[in-house]
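Student: structure for this input, please:
(one chain, ligands or ions: 1)
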Amino acid sequence: MAEFIMELNDEQKEVRDWIHGFAADVMRPAAAEWDEREETPWPVIQEAAKIGIYSLDFYAQQYFDPTGLGIPMAMEELFWGDAGIALSIVGTGLAAVGVLANGTEEQIGTWVPQMYGDADDVKVAAFCSSEPDAGSDVASMRTRAVYDEAKDEWVINGTKTWATNGGIANVHVVVASVDAELGSKGHASFIVPPNTPGLSQGQKFQKHGIRASHTAEVVLEDVRIPGNCLLGGKEKLDERLARARERAKAGGGERVKNAAMATFEASRPAVGAMAVGTARAAYEEALEYAKTREQFGRPIIDNQGVAFQLADMRTSIDAARLLVWRASWMAVNGRPFTAAEGSQSKLFASETAKKVTAQAIQILGGNGFTREYPVERMHRDAAIYTIFEGTSEIQRLVIARTLSGMPIR
Ligand SMILES: Cc1cc2nc3c(=O)[nH]c(=O)nc-3n(C[C@H](O)[C@H](O)[C@H](O)COP(=O)(O)OP(=O)(O)OC[C@H]3O[C@@H](n4cnc5c(N)ncnc54)[C@H](O)[C@@H]3O)c2cc1C
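Tutor: Presented below is the predicted three-dimensional model:
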C-alpha cells in the first residue's frame, strides 16, 4: 500500500505542468467562445487527443497511479482551464470507468478504445443512468432491459436524461432495471454500440453553466443489443440477482449496498477535484485583480475586508484539496470509507467552489458581474458540482448514515 503523501512527486509534477500548459494555452483562450456557442468543442478535444491528454492510455495511467493523486491532479488542472471544455474532455471517462469497473477484459478491450476514437477521428462516450423521475432516487429507475433468449439479445426501453454526451456519443453505457422488484440491486449496465437502431437523442438542454458540455435526453425504443453487451456477462448477473433475491427474502441486502457505496465513494473525489480546479481559477483571478485594482488611492487588497476574503478562499481551497487527495488515496489503496470520506471530499469541495466563485465576483465588483472577466462564467460553472454525481444533500445523507449507522432520511 502506498503511503499517503501530500506532495506530488517529480514525475507527477511534470505531468501536472504539461496539463497546465494545455489548460492555459488552449482551453482558457477558447473558454468564452464555447460557453457562448453552447456546443461540444470538437477542435479542442481533437487538440487534446493529438497531444495524448484525451486518450485511454492517459486516463488509465492516472487512474491506476498508486498514490491516488493522478486523477485529482489531472482534473484540477483541466477544470482550472475551463469547466465546460474540461467536462467535454473527461465525460468519456465516466462511461469508460463504468466499463472498467463492471466489464470483462474482452468488453474493456473492445469498447473502451471505441469510446475515445483516435486523434484523426475523435469520439466521445456517454454514461446514462439518470431519468426524469429517477435522479437522486436511483432505485425508481424505469428503463427496462429484457433478455430475448431465442436471439441472445437484450431489448432496452426507456428514457434517460441529463446524459453528458448523450446522443452524440459513439458508445453509450446505459443502466437499466432487469428485475424491478429488487430496486437498485436489480440494475445492470449495458453497452449500446455505435449506430444501434432505436437509440436517439431527445431534448438537448440549455444550461446555466458548463455550457460547452453537451447534456441531453437519450431515448431508447426497442433497442436490441447482443447478449455480450451486458457488462460483466449473464452468468455473473444471474448469480448476483440470485444472491440479492435470497437476501431480500431474508430481509438483508447490506453487502450489495456496501459494494455500490464503495464505488461511489471512490468516484466522488474526482468531482471534488474538478471543483477545486474551478475554485482555484476564480481565486487566482480575484487575487490578481485585488492587487492591481486601485480605489481610494490604494490597491483594494490593502483593505482587510478584501484581503481576509482572499485568505478564507485560499484556506478553503487547500482544505478541499486535502480532503480530495485523502479520499483518492483511500480509494486506490482499498481503504474502507468508514466516515464516507469520498462524499466528504465532494461535499466540501463543491460547496467551496460555489462560495469562492461568488466571492471572486464580489472582489471584481462590476467587472466580476460581466462576461469581460471569466469569474462570472466560473461561478455559473461551479453550480454543477453540488448537483451531479449526488447532490450536496445526498452527500450529507451518506455521511450521516455512515457515521451513525442509522437509516436517516
Ligand atoms: C449538467 C449535468 C450533467 C449530468 N450528467 C449526467 C450523466 O452524464 N449521466 C447521468 O446519469 N446523470 C447525469 N446528470 C444527472 C445528475 O446526476 C442528477 O441531476 C442528480 O443526481 C440529481 O438528480 P435530480 O436532478 O433528479 O434532482 P432530485 O433528485 O429531484 O433532487 C432535487 C432536490 O431535492 C433534494 N433531495 C432529493 N432527495 C433528497 C433527500 N432524500 N434528502 C434531502 N434532499 C433531497 C436534492 O438534493 C435536490 O436539492 C447530470 C446532471 C446535470 C445537470
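Student: just to be sure, residue 232 is in a helix?
Tutor: No. Assessed by DSSP: H, G, I helix; E, B strand; the rest coil, residue 232 does not belong to a helix; its assignment is coil.
Student: measure residue 404 to residue 363 for me?
Tutor: 39 Å (C-beta to C-beta, to the nearest Å). C-beta coordinates here come from the backbone N, C-alpha and C atoms, glycine included.
Student: which of those two has more neighbours?
Tutor: Each of residue 404 and residue 363 has its neighbours counted (other C-beta atoms under 10 Å); residue 363 has more, 24 against 9.
Student: check which helix or strand that one maps to.
Tutor: Per DSSP states H and E, residue 363 falls inside helix 341-368.
Student: got the buried residues for that helix?
Tutor: 341-357, 359-361, 363-364, 368 (16 or more other C-beta atoms under 10 Å).
Student: report the contact partners of residue 90.
Tutor: 75, 78, 274 (C-beta atoms under 8 Å, 6 or more residues apart in numbering).
Student: and the angle for the host helix or strand of it with helix 341-368?
Tutor: Residue 90 belongs to helix 83-102 when assigned by DSSP H and E. Here helix 83-102 runs at an angle of 170 degrees relative to helix 341-368 (axes from the mean of the first three to the mean of the last three C-alpha atoms, to 10 degrees).
Student: up against the ligand, what does the stretch 51-200 of the chain have?
Tutor: 94, 127, 128, 129, 130, 135, 136, 162, 163, 164 (C-beta under 6 Å from any ligand atom).
Student: what pLDDT is listed against the second one?
Tutor: What it means is residue 127. pLDDT, the model's per-residue confidence, is 96 for residue 127.
Student: buried sites along the helix or strand residue 203 falls within?
Tutor: Element membership for residue 203 (DSSP H and E) is strand 199-204. Residues 199, 201, 202 are the ones in strand 199-204 that count as buried (16+ other C-beta under 10 Å).
Student: what's the answer for stretch 113-132, then?
Tutor: Buried, per 16+ other C-beta under 10 Å, within stretch 113-132: 113, 115-117, 119, 122-131.
Student: burial of residue 323, as a residue count?
Tutor: Counted with other C-beta under 10 Å, residue 323 comes out at 21.
Student: touching, it and residue 352? I think so.
Tutor: No. Contact criterion C-beta atoms under 8 Å: residue 323 and residue 352 do not qualify, at 9.6 Å.
Student: got the CA coordinates for stretch 90-109 in PDB?
Tutor: Taking C-alpha atoms only, stretch 90-109 is exported to PDB below (Å, rounded to 0.1, in the frame of the first residue of the first chain):
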ATOM      1  CA  VAL A  90     -13.400  13.900 -19.300                       C
ATOM      2  CA  GLY A  91     -17.000  13.000 -19.900                       C
ATOM      3  CA  THR A  92     -16.000   9.900 -21.800                       C
ATOM      4  CA  GLY A  93     -14.000   8.800 -18.800                       C
ATOM      5  CA  LEU A  94     -17.300   8.500 -16.800                       C
ATOM      6  CA  ALA A  95     -18.500   5.900 -19.300                       C
ATOM      7  CA  ALA A  96     -15.100   4.300 -19.500                       C
ATOM      8  CA  VAL A  97     -15.000   3.800 -15.700                       C
ATOM      9  CA  GLY A  98     -18.400   2.100 -15.900                       C
ATOM     10  CA  VAL A  99     -16.900  -0.400 -18.300                       C
ATOM     11  CA  LEU A 100     -13.600  -0.700 -16.400                       C
ATOM     12  CA  ALA A 101     -15.400  -1.300 -13.100                       C
ATOM     13  CA  ASN A 102     -18.000  -3.900 -14.400                       C
ATOM     14  CA  GLY A 103     -16.900  -5.200 -17.700                       C
ATOM     15  CA  THR A 104     -14.900  -8.300 -18.600                       C
ATOM     16  CA  GLU A 105     -11.500  -8.000 -20.100                       C
ATOM     17  CA  GLU A 106     -12.900  -8.600 -23.500                       C
ATOM     18  CA  GLN A 107     -15.500  -5.900 -23.100                       C
ATOM     19  CA  ILE A 108     -12.900  -3.400 -21.900                       C
ATOM     20  CA  GLY A 109     -10.700  -4.200 -24.800                       C
END
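Student: longest helix anywhere in this protein?
Tutor: helix 254-292 (DSSP state H).
Student: run through the bridge partners of residue 157.
Tutor: Beta bridges link residue 157 to residue 144, judged by DSSP bridges.
Student: look at residue 162 and give its secondary structure.
Tutor: Put simply, residue 162 is strand when judged by three-state DSSP.
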